[in-house]
Structure formats: C-alpha cells, structure tokens
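Visitor: pasting the sequence and the predicted coordinates here, then a few questions.
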Amino acid sequence: MVRHSTSADHRARLIVLQRERALRLTTIQRLIRDPLCRSLPVVLLTGWLLVGCSTPQQGGVQVVDRNGRPAATSGYHTVRRGDTLSSIARRYGWDWRALARANRIPPPYVIHPGQRIRFDSGAHRAVASAQPPRTVTAPAPAAVPTRTPPVVATPVPQPPAITTTPVKPAPAPSITPVARSASGWAWPANGQIIGRFSSNGSLNKGIDIAGELGQPVLAASDGTVVYAGSGLRGYGELVIIKHNDTYVSAYGHNRRLLVREGQKVKAGQSIAEMGSTGTDRVKLHFEIRRQGKPVDPMQYLPRR
C-alpha cells in the first residue's frame with residue numbers, strides 16, 4: 001500500500017510539470033507573435049542612439065568674457081552719427097591720440113559716419129605705454145576706540161560760533177551776443193586779420209586774428225568740444241569743436257582753455273583766452289574744416 005501510494009504521487013508530479021512546460025511554451029509563442037514585443041529591440045536601439053547623441057563632446061567652443069578687459073585689441077567700430085574719436089576711445093578703453101595714430105587720422109581728427117575705426121594689439125601697446133602707472137595707496141587702518149574712565153572737567157568758556165559762507169554754484173558760461181552769417185557762423189574774436197588762408201599744403205590753413213593777451217576767444221558756432229589741450233605741435237593750447245558731421249573749427253595759440261572735452265558750447269560762448277603759446281606773438285589762429293579738409297573761413301564768417 002505504501003509503494004502504490006508513492007508511485008501515484010510521482011505520476012501526479014510529472015503531470016503537473018508537463019502542464020507547466022506547456023503553459024510556458026504557449027506564453028512564449030504568444031509573446032513572439034505580439035507586434036509590441038517584436039518592436040522591443042527597435043525601442044532599445046533607439047534609446048541607445050538617443051543616449052549616444054546626448055553624450056557631451058570634448059573640445060567644445062569656449063566663450064570668453066571680455067567685460068574685464070581694459071581695452072579692445074581686435075575688430076573695429078563703425079562710426080555712427082554723433083560719434084567722436086574721444087567718445088569711441090573711451091568706450092573701448094583707448095587713448096584717443098593712440099587711436100588716431102593707429103587709424104592714420106590726421107588733425108583735427110575728424111571722423112565720418114560709416115567709417116571703420118580699427119583696433120589692433122600693436123596700437124594697444126602704444127596706449128599702454130603712453131599711460132602713466134597708477135599708484136594705489138592703501139587706506140589707513142581705522143583707529144580702535146579705547147575705553148577710558150570718565151573725567152570730570154571744569155567748564156571751559158566756549159568760543160563764539162563760527163559762521164560759514166554758503167558755497168556759491170558754478171557761474172553759468174559767459175555767452176556774448178554775436179552776429180551770424182547766413183550759414184550760421186560768427187567771428188571767434190575781435191581784432192585785425194594778420195594772416196589769411198592759403199590753399200597750399202604747407203602755408204596757412206586758416207586765418208590769424210591779432211588781439212591782446214587774455215582777450216576772450218568765442219565759439220564760432222554751436223557744437224561739442226572734441227579736443228582741448230596742447231598735444232598738437234604748432235598750435236599751442238588748442239580747442240577743437242565739432243559742429244556736425246561735416247564741419248569742425250579749431251582755435252589755437254590760447255593762453256588758457258575754459259572748456260573740456262565732451263562739453264557742449266553755444267555760438268558766442270567764451271572757450272579760451274587769447275595768448276601766444278606755440279607762436280611768437282599774441283594772436284588767435286582760427287580754422288574751419290569741411291569733411292576734414294581746411295577751407296577759407298572768410299567764405300563762412302559774416303562781413304565786418
């Protein structure tokens with residue numbers, strides 16, 4: 001009885017195993033015939049390709065931040081209406097004189113809309129060498145207060161209160177009423193004409209007006225000061241005013257300059273005091289330039 005029961009249990013287990021194998025085989029066949037299962041390798045391959053495409057490549061383009069650089073050393077700037085050589089130089093960290101030399105712009109440094117102002121490393125070195133080194137002084141350390149015991153002092157007579165004079169605002173620029181020509185120009189100074197314009201390159205490029213030392217020199221028309229200094233040989237203390245994209249005027253041999261670069265002026269406004277810097281007598285050298293070329297000022301000034 002025991003052997004018969006054991007044999008029956010063995011046969012029952014075999015039947016169960018056969019049924020499980022058949023069920024597994026049927027399930028595998030269904031999965032093979034299922035279109036979704038057959039597309040699974042394609043999905044895996046597509047996922048692998050997407051992972052491969054998203055892998056970052058070595059040696060990518062580097063973006064350089066130029067905000068901290070003191071001056072542009074390459075490229076160019078296209079001049080727009082209202083630009084001056086000084087404003088472009090300040091914008092790109094240049095000295096305007098070095099920028100003029102680098103672009104071969106002759107005095108009085110007139111530029112025109114559409115003109116390209118170029119920058120290069122050689123001229124930038126000239127700017128760096130022209131600038132004096134700056135000395136930075138560290139601030140003195142703040143004194144640490146120390147506690148001292150209170151001291152009882154005898155009253156001291158107080159001095160009379162000191163009255164302060166209020167600070168007066170800067171005076172408004174002196175503007176002299178002037179007569180203008182039909183083209184809008186006025187005489188820059190009163191005095192006898194002692195030198196006339198000559199079209200030859202080496203001779204007088206304007207007119208010379210005699211006067212007295214310290215006599216006011218006036219702006220001949222409205223405009224903006226683009227140069228004020230003594231860096232041009234043969235002109236002494238010089239002021240150059242840009243009136244528009246076509247005309248500039250120059251005022252040389254002054255004793256003292258009363259305006260600064262970037263300042264806007266009106267016709268008849270005092271811009272300097274007549275002197276003899278860069279010449280042998282007191283006089284004003286006055287030029288008008290059209291598109292950078294000197295023209296006869298007498299053709300633009302009103303008749304006396």
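Guide: Structure's in. What do you need? Numbers count the residues shown, from 1 in each chain.
Visitor: return the set of buried residues in the helix or strand where N254 lies.
Guide: Using DSSP states H and E, N254 falls within strand 247-257. Across strand 247-257, burial judged by 16 or more other Cβ atoms under 10 Å covers Y247, V248, S249, A250, Y251, G252, H253, N254, R255, L257. For glycine as for every other residue, the C-beta is placed from the backbone atoms N, C-alpha and C.
Visitor: and it, which strands flank it?
Guide: strand 237-242 (antiparallel), strand 270-274 (antiparallel), strand 283-290 (antiparallel) (DSSP bridges).
Visitor: hmm, who's touching the following helix or strand past that strand?
Guide: Under the assignment DSSP H and E, the closest C-terminal helix or strand after strand 247-257 is strand 264-265. Residues outside strand 264-265 that contact it (Cβ atoms under 8 Å, 6 or more residues apart in numbering) are P173, A219, D222, G223, T224, V225, I241, V259, I271.
Visitor: starting from strand 264-265, tell me which strands it pairs with and how they run.
Guide: strand 223-229 (antiparallel).
Visitor: picking up where we left off before, could you work out the most separated pair of the buried residues of strand 247-257?
Guide: Pairwise distances across the buried residues of strand 247-257 peak at 25.7 Å for Y247 and R255 (criterion: Cβ to Cβ).
Visitor: let me see the mean pLDDT of the strand holding N254.
Guide: For strand 247-257, mean pLDDT is 97.
Visitor: check stretch 223-236 too.
Guide: Per-residue scores along stretch 223-236 average to 94.
Visitor: in that stretch, which residues are buried?
Guide: G223, T224, V225, V226, Y227, A228, L232, Y235, G236.
Visitor: winner for burial among the strands paired with strand 247-257?
Guide: Comparing the strands paired with strand 247-257 by mean neighbour count (mean count of other Cβ atoms under 10 Å), strand 237-242 comes out on top with a mean of 25.
Visitor: what lies in contact with that one?
Guide: Under the criterion Cβ under 8 Å, 6+ apart, residues 84, 108-110, 217, 219-221, 223-230, 232, 248-257, 259, 265, 271-272, 275, 277-278 lie in contact with strand 237-242.
Visitor: stretch 290-304 spans what distance, first to last residue?
Guide: 23 Å (Cα to Cα, to the nearest Å).
Visitor: mind checking what helix or strand follows the helix or strand of the chain with the lowest mean pLDDT in sequence?
Guide: Using mean pLDDT, DSSP states H and E, helix 40-53 stands out as the lowest-scoring helix or strand of the chain, at a mean of 37. Counting by DSSP H and E, the element after helix 40-53 in chain order, helix or strand, is strand 76-78.
Visitor: below-threshold pLDDT in the stretch 101-250 of the chain: ranges please.
Guide: 121-172, 201-202 (pLDDT under 70).
Visitor: can you show me the helices along the chain?
Guide: 2-33, 35-38, 40-53, 85-91, 96-102, 121-130 (DSSP state H).
Visitor: buried residues, stretch 199-217. List them.
Guide: Buried, per 16+ other Cβ under 10 Å, within stretch 199-217: K205, G206, I207, D208, I209, A210, G211, Q215, P216, V217.
Visitor: the residue nearest to the first one when sequence neighbours are not counted bridge partners, please.
Guide: This points to K205. Leaving aside its chain neighbours, K205 sits nearest to P294 (4.0 Å; criterion: Cβ to Cβ, 6 or more residues apart in numbering). P294 has the following beta-bridge partners by DSSP bridges: R289.
Visitor: and P294, how many neighbours?
Guide: Counted with other Cβ atoms under 10 Å, the neighbours of P294 add up to 18.
Visitor: quick one: contacts for it?
Guide: F197, K205, G206, E287, I288.
Visitor: Q192 - nearest residue in space that isn't next to it in sequence?
Guide: Using Cβ to Cβ, 6+ apart, the closest residue to Q192 is A210 (4.8 Å).
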